[in-house]
Structure formats: C-alpha cells, structure tokens
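Asks: Task: produce atomic coordinates for the following.
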Amino acid sequence: MALDPSSRTPPSRHAAVDYRPPLTLRLIRALLMGLVAIAVLCVAYSAYWFYVASAFRDGLPAWIERMAGTGATLAYRQLEIAGYPFQFRLIFHEPLLDAPALPALTGKPLRWRTNQVVATMSPWMFNRYTIDLAGDHRIDWQGERGARTIAITADRFRVTTRVHDDGMPESAQMDLAALGVSDGAGSDASRWSVGGARLAARRLFPDGDVADKPTFSLNFHVEAAKLPPGDLPLGRDLALLDGEIRIVGALANPTDVGDLTRWRDGGGIMEFTLGEGRYGPLGVNASGTAALDDALQPMLGGTAKVEGFFPTIDILRERDLIRSRDAAMAKVMLGVLSRPGENGRAPTLSLPFSIQ
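Replies: Next comes the predicted model:
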C-alpha cells in the first residue's frame, strides 16, 4: 500500500542549527570586530601620515629651488617633524636660506637666517599651509646701492597661504604684531616698527576678457606704526592705515619690466581705497586710480576727504616749514572750503588730487 508523502514525519533538526548566542556575546563580538577595524584604519593612517611627512622632507630641496630661484639651498641645524595625528608640523631649527638668484630681487642674491620656522599643514588639505616666523631674522641682500643688511624682530609673524590648481598661491594672509626693522647693527637710529598689521592678498579669476576686471586684491590694516627715521613733517607715528588695492588687468610679474609694460599698454590700472588713515592730527580717507606713464612711473588721481588740517597747519608753522602769514591765509581759505564735521567731529575738506 502506497504512503501519502504529506503524511511523512520531517527529519529532526540539530539544536546547533538554530542556536543564537546570547545578546552579551553578540555585543562583545561586534565590539571586537569594531576594534579590529579601527586598529587597521589607525595602522593605515599612520603609514599614510609618515609617508607624506617623509615625502615633504624629501621634496623640500626641489620646492625651495623652485620658489627661491636656481641654486637656492636651505640648511638647518635640525628638522623636526611633529603634529601626529592631526597635523603635519615641520620645525626648522636655525634655518639658513641661501638664494643666489632670487626672482623677487630680479636675480640678485639673498641670504636669510632666523632662529626657528614652523610650517603647519592639515593631512587632508594639502593646498593650505601656515608658516610661523616669529622671532629674530637677519637678511643680507644685494640692492641697487650695494650690499644691505636688515635685522627683523617680531612677536607674531604668521603667514597662511592657499595654493591654486596651477601650483601658485591663490591667497595669502599675514598677521604681524610687535614687528621691528633696523639695519644690520640693530641701531635705534635706523629702527622702524609696526604695532600690529593684517594683510590679505588674493588672486581673482574673472570670466572672459580680464582687461577691465580686477585680477588681484590686497587688503591692509596697519596700526601703531613708527615710520622709518627721517625729518618727517608730522613726526614718525602712524596711528592707523586701512584700505584696499585692486589690480585691473592681467599682471603676471610686477617686478618684471616687460610684464609691467604689457600690462600698462593693455590698459592696466590700479584702483585704491583708503578707508581710514591717521597720521598725527591728520585724518584721511580717499579713493582713486593709479597708472604708469611712458617711463613706468606712477600717476595717481582721485578724491580725498581730510580732517585735522587746522592743527596740521599749526605744526607746520611751529616747525618753520611754512610762514605764519601763509599759515593764517591757509586757515582762512580751508575754513571757507571745508564743511562742519558730523557728530561733533572736526571740519572736513573734500578735494580732488593728482600726483605725477
């Protein structure tokens, strides 16, 4: 008699097939697998970090020569690589840069030394780096009037640069504090200084024809500066200088006569804005343009708003730079042309200017 297949008893399953570990064991296994994965990633990242750090160190001579000219070398007492894991930090102890043909000096030699330089870069952002130059510097260079030596000190001297896809800087910011500059002997008679300064330079990339468009901008803010020694009419103290400069037209190299000539012939100009300037009792804000003449000399024109001219005239008279009669006449004329200042401020004078 045939049996109905549906009536057969299914074979029994082994208990191990349906075994499910307790929750505690499953959590421990997941944790161990996570720890193993993290360990593998840490080993891979560490290998990557040290490989890149070594590549920076090995590629440094070629980079120095490319930036400072043919034959440039950088020597140092010690190179320390630190910052693991979140930074690449290269610390140069007592570096000495010898550039026999520096491009910025039109191929003239320069030697620079300092006590320490720290270069910092993020492991995931190679196109942006910061260089800390705080300390004492000595620069020997060959100028038009022979050999020159400059001594520089700075409590804060930090430069942050972003590199464009073409390998050249796209933007740079400089932050200074307690900067002092003097001749090689460090004499007070030659010293000038800056209490604080911020400079921000940026290349612009306008679309289409750039002949009439800004291609470069420089914002500057300088305060508590002591001007270079000299018999200046209003003294050496510059309280504030804040403004912006924009280059209109394509100017590849401002130190090259050929590039300057082509830029000028193509209609290149410089636009400037002085948001605020404070020199002695004189306050100025101005805007205008500058161009180059046939001899590559600057020609400036614009408008300025000036205040504090009455005490300025008094100082010039006290220093016998103008006669008392001329000072009195100037005060009368400027008083007629000026307007009362806003909110109780000194009278202001608006006037066009042209400098050639």
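Asks: Over to Thr273: give its phi and psi.
Replies: phi -140, psi 120 (degrees, to the nearest 10).
Asks: give me the beta-bridge partners of it?
Replies: As for beta bridges, Thr273 partners with Glu244, Ser287 under DSSP bridges.
Asks: okay, now His93: neighbour count?
Replies: Neighbour count for His93, taken as other Cβ atoms under 10 Å: 12. Placement of C-beta: from N, CA and C, glycine included.
Asks: Test of understanding: give the bridge partners of it.
Replies: Assessed by DSSP bridges, His93 has beta-bridge partners Gln78, Gln116.
Asks: pLDDT value on the residue lying closest to Phe216 once chain neighbours are set aside, please?
Replies: In space, and not counting its chain neighbours, Phe216 is closest to Ile247: 4.0 Å by Cβ to Cβ, 6 or more residues apart in numbering. Listed pLDDT for Ile247 reads 93.
Asks: So which other helices or strands are in contact with the helix or strand hosting Ile247?
Replies: Applying DSSP states H and E as the criterion places Ile247 in strand 237-248. In terms of contacts (3 or more Cβ pairs under 8 Å, 6 or more residues apart in numbering; DSSP states H and E), strand 237-248 is packed against strand 214-226, strand 269-279.
Asks: out of these, nearest to Ala304?
Replies: strand 269-279 (7.9 Å; Cβ to Cβ).
Asks: The closest one: which residues count as buried?
Replies: For strand 269-279, a neighbour-count test (16 or more other Cβ atoms under 10 Å) marks Ile269, Met270, Glu271, Phe272, Leu274, Gly277, Arg278, Tyr279 as buried.
Asks: nearest to Ala72, of these?
Replies: Looking across those and measuring by Cβ to Cβ, the closest to Ala72 is Met270, at 30.3 Å.
Asks: The closest one contacts Arg246, doesn't it?
Replies: Yes: Met270 lies in contact with Arg246 (Cβ atoms under 8 Å); the separation is 7.0 Å.
Asks: Mind picking the two most distant members of the buried residues of strand 269-279?
Replies: The span of these, defined through Cβ to Cβ, is set by Ile269 and Arg278 at 27.1 Å.
Asks: how about the helices of this structure, start to end?
Replies: 23-68, 257-265, 309-318, 324-337 (DSSP state H).
Asks: Deepest-packed of these, please.
Replies: Comparing the helices of the chain by mean neighbour count (mean count of other Cβ atoms under 10 Å), helix 309-318 comes out on top with a mean of 17.
Asks: What helices and strands are in contact with it?
Replies: helix 324-337.
Asks: what's next to the helix it packs on, contact-wise?
Replies: Phe309, Phe310, Ile313, Asp314, Leu316, Arg317, Ile322, Pro347, Leu349, Leu351 (Cβ atoms under 8 Å, 6 or more residues apart in numbering).
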